[in-house]
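K.L.:
All I have is the shape, not the residue letters:
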């Protein structure tokens, strides 16, 4: 609750410039370049600050970073109330960009307190805090008339300042292991992960599109439909509110439906509505269209937050959210730029809106055409802590129960694939007919992650009824460099894994399990009271 409130308060400050643009233009009379700088400054600074603030949140906790970010937002609003020149105005808008890092801070706070089973939905619900931008737009602008701009902005600055005090007193961070704290090496390694590339691309389209609506929708409605600025700001606020409410729905939907299918439908819907909007339909149709686009983008944002929450280690959430937030801020600059350039060249927004709609449609097509690859890549492939002596082993047998794998299929596949890439591996997969994640799904997920590997499933009886031909086949597959998946009809593959380790002269036997708080883990499989015979 505190994290969502902090995100909402800082988002209101961060996006306030868009709602106040008519007042700022009248008050300061900036030129075209200066006007663009005023609007873009919060997004650019937010993008630049997200990653370092995320790393600081992982290292020092949100108890320190949330008050700091909120105080900077309050100071920026106070500065906005007293500046008198355009350069000072631009500097104040740059300081407002710090409020955009509240998503990063709050995500790190939320992720530390929940396990993977709950973390995804909690992050999606936290994402609804972007609705603070709608509240700021609808509340602050009407206050300028009766109170005056300076008084209204100073009163607004008291809100993030008050939250900073509340956060310093009430926010508590869950303990984090030192090994979980982000370093420069972690940042560099994370940017190269396939999961990050997909998350970044999806979130850039979703969050970038939503932020672009906040920044440019009032201008578009004013120029195309001659709507007054107050009415345009209200419609923008309604769109943001719709997107904010859709984020928890997206997280809930991703937990009950196939995430890739949900993403595909949302992007297809956004693209189709974009095509309709490109032809400048009557205003009622336009209002419904933009609300539909906002719902689609908000749902996508919720799905991505759910995927991030379910698969990343809790000590890395701030850094991952920082990368996502940075790309979302930068992506938000592109739609207004495209629309402005096309409008100046062509005299209308039709081509620009069509180009943006095609981006959403192309994303939906990619998700549909490359479904297996995308589904396999949407997990954070960080191997859990390994036994200290594993690096020196030549052959490893790992026992995996289907019940554990089904609770986090993507993370299970990511962990096993990373093990197979560095060790000679045999997977003993205990499967019964009632398990949701079958051996075929596991093999397909491994093949998607290891396209150069030969992944083969071998069905055999569970210990003590192991057959010699099957064991010989597994040994042959190991000699050929293949990744063998030994499928056994049991809910506990541990005894079979130990027996196979003896038959194959393996150096280490592991169990891959699932913990509700920490997610997938690897542990050495202990020997039973009496040794397994060969």
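P.N.:
Nice, thanks for sending it over. Since we're looking at a predicted model, the values are computed, not measured.
K.L.:
Show me what counts as buried in the host helix or strand of residue 224.
P.N.:
Take DSSP states H and E as the rule and residue 224 turns out to sit in helix 194-225. Neighbour-count burial for helix 194-225 flags 194-196, 198-200, 202-222 (criterion: 16 or more other Cβ atoms under 10 Å). Heads up, the C-betas are built off the backbone N, CA and C, glycines and all.
K.L.:
can you give me the helices for the stretch 151-300 of the chain?
P.N.:
For the stretch 151-300 of the chain, the helices defined by DSSP state H, counting those that start in this stretch cover 184-191, 194-225, 229-256, 259-278, 283-311.
K.L.:
In a markdown table: those, plus mean pLDDT and distance to residue 57.
P.N.:
Listed next are the helices of the stretch 151-300 of the chain as a markdown table, based on pLDDT from 0 to 100; distance: least, Cβ to Cβ, whole Å:
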| stretch | mean pLDDT | distance to residue 57 |
| --- | --- | --- |
| helix 184-191 | 64 | 13 |
| helix 194-225 | 83 | 17 |
| helix 229-256 | 86 | 20 |
| helix 259-278 | 91 | 26 |
| helix 283-311 | 89 | 14 |
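K.L.:
And the next helix or strand past the lowest-mean-pLDDT helix or strand in the chain?
P.N.:
Every helix and strand of the chain was ranked by mean pLDDT, DSSP states H and E. The lowest is helix 371-377, at a mean of 56. Counting by DSSP H and E, the next helix or strand C-terminal to helix 371-377 is strand 395-401.
K.L.:
Show me how far the helix or strand just after that following strand is from its chain's centre.
P.N.:
The helix or strand immediately downstream of strand 395-401 is helix 402-407, counting by DSSP H and E. From the chain centre to the centre of helix 402-407 is a distance of 23 Å (Cα atoms, centre = their mean, to the nearest Å).
K.L.:
Mind listing what's buried along helix 402-407?
P.N.:
Buried residues in helix 402-407, counted by 16+ other Cβ under 10 Å: 402-407.
K.L.:
How about stretch 269-288?
P.N.:
Buried, per 16+ other Cβ under 10 Å, within stretch 269-288: 269-278, 286-287.
K.L.:
Just put those in TSV and tack on distance to residue 86.
P.N.:
What follows is these, written out as TSV (distance: Cβ to Cβ, whole Å):
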residue	distance to residue 86
269	41
270	36
271	39
272	41
273	37
274	34
275	39
276	39
277	33
278	34
286	33
287	34
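K.L.:
Mind jotting down where the strands sit in the chain?
P.N.:
395-401, 424-430, 455-459, 483-488, 508-515, 519-524 (DSSP state E).
K.L.:
how far off strand 395-401 does the second one point, in degrees?
P.N.:
Just to be clear, that refers to strand 424-430. Calculated by axes from the mean of the first three to the mean of the last three Cα atoms, to 10 degrees, strand 424-430 forms an angle of 20 degrees with strand 395-401.
K.L.:
Report the inter-axis angle for strand 424-430 versus strand 508-515.
P.N.:
Orientation check (the same axes, to 10 degrees): strand 424-430 against strand 508-515 gives 50 degrees.
K.L.:
neighbouring strands for strand 424-430, and are they parallel or not?
P.N.:
Paired strands of strand 424-430, with direction, are strand 395-401 (parallel), strand 483-488 (parallel) (DSSP bridges).
K.L.:
can I get those in JSON lines with mean neighbour count?
P.N.:
Output for the strands paired with strand 424-430, formatted as JSON lines (neighbours: other Cβ atoms under 10 Å):
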{"stretch": "strand 395-401", "mean neighbour count": "24"}
{"stretch": "strand 483-488", "mean neighbour count": "25"}
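K.L.:
coming back round to it: can you tell me which two in the buried residues of stretch 269-288 are farthest apart?
P.N.:
271 and 287 (18.8 Å; Cβ to Cβ).
K.L.:
Where does pLDDT dip in this protein?
P.N.:
Counting by pLDDT under 70, the ranges of the chain that qualify are 115-117, 175-195, 313-314, 371-394, 433-436, 516-519, 526-534.
K.L.:
Tell me how it divides into domains.
P.N.:
2-377, 390-524 (automatic domain parsing).
K.L.:
Which of those domains has the highest mean neighbour count?
P.N.:
The highest mean neighbour count among these, using mean count of other Cβ atoms under 10 Å, belongs to domain 2-377: a mean of 21.
K.L.:
Look up the closest residue to residue 351, ignoring the ones flanking it.
P.N.:
Leaving aside its chain neighbours, residue 351 sits nearest to residue 342 (5.0 Å; criterion: Cβ to Cβ, 6 or more residues apart in numbering).
K.L.:
Now do the contacts for the one you found.
P.N.:
Neighbouring residues of residue 342 by Cβ atoms under 8 Å, 6 or more residues apart in numbering: 348-349, 351-352, 355.
K.L.:
quick one: which of these is nearest residue 108?
P.N.:
The closest of the contacts of residue 342 to residue 108 turns out to be residue 355 (Cβ to Cβ; 35.2 Å).
K.L.:
Tell me the spacing between the closest one and residue 403.
P.N.:
Plainly put, residue 355 is 47 Å away from residue 403 if you go by Cβ to Cβ, to the nearest Å.
K.L.:
and what of residue 22?
P.N.:
Distance, residue 22 to residue 403, by Cβ to Cβ: 59 Å.
K.L.:
try residue 476
P.N.:
Counting by Cβ to Cβ, the gap from residue 476 to residue 403 is 30 Å.
K.L.:
can you list the contacts of residue 342 in TSV and add distance to residue 168?
P.N.:
Formatted as TSV, the contacts of residue 342 follow (distance: Cβ to Cβ, whole Å):
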residue	distance to residue 168
348	51
349	46
351	50
352	45
355	46
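K.L.:
quick revisit: so which of the buried residues of stretch 269-288 is the closest to residue 428?
P.N.:
When the buried residues of stretch 269-288 are compared for distance to residue 428 (Cβ to Cβ), residue 269 wins out at 43.3 Å.
K.L.:
Tell me which residues touch the residue found closest to residue 209 once you drop the neighbours it is linked to in the chain, please.
P.N.:
With sequence-adjacent residues excluded and distances taken as Cβ to Cβ, 6+ apart, residue 209 is closest to residue 297, at 4.9 Å. Applying Cβ under 8 Å, 6+ apart, we find residue 297 in contact with 205-207, 209-210, 213, 243, 246, 266, 270.
K.L.:
my read: residue 355 touches residue 337, true?
P.N.:
No - Residue 355 lies out of contact with residue 337 (Cβ atoms under 8 Å); the separation is 11.4 Å.
K.L.:
State the distance from the spatially closest residue to residue 308 that is not a sequence neighbour to residue 203.
P.N.:
Take residue 308 and drop its neighbours on the chain: the residue closest to it by Cβ to Cβ, 6+ apart is residue 320, 5.8 Å away. According to Cβ to Cβ, residue 320 stands 10 Å off from residue 203.
K.L.:
List the contacts of residue 79.
P.N.:
Applying Cβ under 8 Å, 6+ apart to residue 79 gives the contacts 88, 91-92, 95.
K.L.:
quick one: which of those residues is nearest residue 154?
P.N.:
Lowest distance from residue 154 to those (Cβ to Cβ) belongs to residue 92, with 12.9 Å.
K.L.:
Once you drop chain neighbours, what's closest to residue 417?
P.N.:
residue 449 (3.9 Å).
K.L.:
swap that for residue 14, please
P.N.:
Residue 14 sits nearest to residue 99 (Cβ to Cβ, 6+ apart), 3.4 Å away.
K.L.:
hang on, the earlier thing: need the contacts of residue 79 in CSV with distance to residue 232, can you?
P.N.:
What follows is the contacts of residue 79, written out as CSV (distance: Cβ to Cβ, whole Å):
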residue, distance to residue 232
88, 27
91, 27
92, 24
95, 26
